[in-house]
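Student: Okay, here's the prediction I keep looking at, along with the sequence it came from:
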Amino acid sequence: MTILVAGATGTVGRHVVDQLIRKGEKVRALTRNPLKANLPAGVEIVAGDLSEPSTLGSALAGLSGMHLITTGAEYTPLQTGPEIVRLAEKAGVSRVTILWNGEKGPFERAVEASALKWTQLQAFEFMANARKWANTIRSDGLVRDLFGGSPIAPVHEADIGRVAAVALTEDGHAGKIYTLTGPESLSVKDKVGIISKVIGREIRYVESSEEEEREQMRKMGVEEDAIDYVINWHLNPPPSVHKVLSTVEEVTGHKPYTFEEWVQANTGYFINSNS
């Protein structure tokens, strides 16, 4: 049987693909742009879009499981969850993991009400979000951010991939909601200090205005509704975002990666190639 990974070329999806391959699973990658997928050999690549369920017909054939995401292009929340769930049930899919942000919408509720063996993966912040500072670090040696003093326990995307791979291939995870964090709670200033240490260059932190933060997100292609949500969430985060949880290690048997390890593996984002 085959496991379908939606958003397979994305920040988290690529790690889900890699972890499933390491477990010896057959992987089918769902992407809107198959020609640009650049996925490992042996991965079956199919065209499809979760925002258009009519494109998913052949992608759902012969599946044992699916990894789903709840946002589409430009980070907009998907409204097609109920239809996707019906198609998955009809196709005989058994296990499903769904990556979500903690705000339950029609997609999450449809999964919970289904006959699928679902596992929800909640991550408050990806370590990869630090890539948004790459340009100003390379050009000016500084980070502009609105949320400098607000600590969050970010999780490495590979750890999300490891948890998803376990939930999709092993028993005991159906009906669980796993909140995933890294091993430490860090503010933006803490992260800037870690990046500075790893790349060997002093980086200044400058607190930006709300409008500057919004403009930065617009340049990343984020829709206004999503920008409003992110800004408001960070300005008034739930207390639980600061808490470090042991979920990754409990599910996978491996300690979660640190932010310093993430930076060490991704220094290319922050170092000017001409330097």
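Tutor: Noted; the coordinates are in hand.
Student: ok, how many other residues are close to L39?
Tutor: 20 (other C-beta atoms under 10 Å). (Each C-beta comes from the backbone N, C-alpha and C, glycine too.)
Student: For G72, which residues are in contact?
Tutor: 49-51, 78 (C-beta atoms under 8 Å, 6 or more residues apart in numbering).
Student: Which one of the residues you listed is nearest to K117?
Tutor: Of all those, L50 has the smallest distance to K117: 19.6 Å, by C-beta to C-beta.
Student: list the helices and strands the lowest-mean-pLDDT helix or strand in the chain packs on?
Tutor: One helix or strand of the chain scores below all others by mean pLDDT, DSSP states H and E: helix 224-235, with a mean of 82. In terms of contacts (3 or more C-beta pairs under 8 Å, 6 or more residues apart in numbering; DSSP states H and E), helix 224-235 is packed against helix 210-219.
Student: Please save the CA atoms from the helix it packs on in PDB.
Tutor: The C-alpha trace of helix 210-219 is given here as PDB (Å, rounded to 0.1, in the frame of the first residue of the first chain):
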ATOM      1  CA  GLU A 210       3.200  46.300  13.100                       C
ATOM      2  CA  GLU A 211       2.900  47.700   9.600                       C
ATOM      3  CA  GLU A 212       6.500  46.800   8.800                       C
ATOM      4  CA  GLU A 213       5.700  43.200   9.900                       C
ATOM      5  CA  ARG A 214       2.600  43.200   7.800                       C
ATOM      6  CA  GLU A 215       4.500  44.400   4.800                       C
ATOM      7  CA  GLN A 216       7.100  41.700   5.200                       C
ATOM      8  CA  MET A 217       4.500  39.000   5.300                       C
ATOM      9  CA  ARG A 218       2.800  40.500   2.200                       C
ATOM     10  CA  LYS A 219       6.100  40.200   0.300                       C
END
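Student: three-state assignment of N272?
Tutor: Three-state assignment for N272 (DSSP: H, G, I helix; E, B strand; the rest coil): coil.
Student: just to revisit the earlier point, show me the contact partners of the least confident helix or strand of the chain.
Tutor: Under the criterion C-beta under 8 Å, 6+ apart, residues 71, 74-77, 103, 146-147, 150, 210, 213-214, 217-218, 222 lie in contact with helix 224-235.
Student: same thing but 10 Å
Tutor: For helix 224-235, the surrounding residues in contact (C-beta atoms under 10 Å, 6 or more residues apart in numbering) are 71, 74-77, 101-103, 124-125, 129, 145-147, 150, 152, 188, 210, 213-218, 220, 222-223, 241.
Student: Just the buried residues of those.
Tutor: 71, 75, 77, 101, 124-125, 145-147, 150, 152, 188, 213-214, 216-217, 222-223, 241 (16 or more other C-beta atoms under 10 Å).
Student: Let's see which of the residues you listed end up in strands.
Tutor: D145 (DSSP state E).
Student: residues contacting L168?
Tutor: Applying C-beta under 10 Å, 6+ apart, the residues near L168 are 3-5, 16, 19-20, 23, 25, 64-67, 94-97, 117, 119.
Student: and with 7 Å instead?
Tutor: Neighbour list for L168: 3, 65, 67, 95, 97 [criterion: C-beta atoms under 7 Å, 6 or more residues apart in numbering].
Student: Quick check: nearest residue in space to S208, chain neighbours excluded?
Tutor: Excluding the flanking residues, the one nearest S208 by C-beta to C-beta, 6 or more residues apart in numbering is R144, at 4.2 Å.
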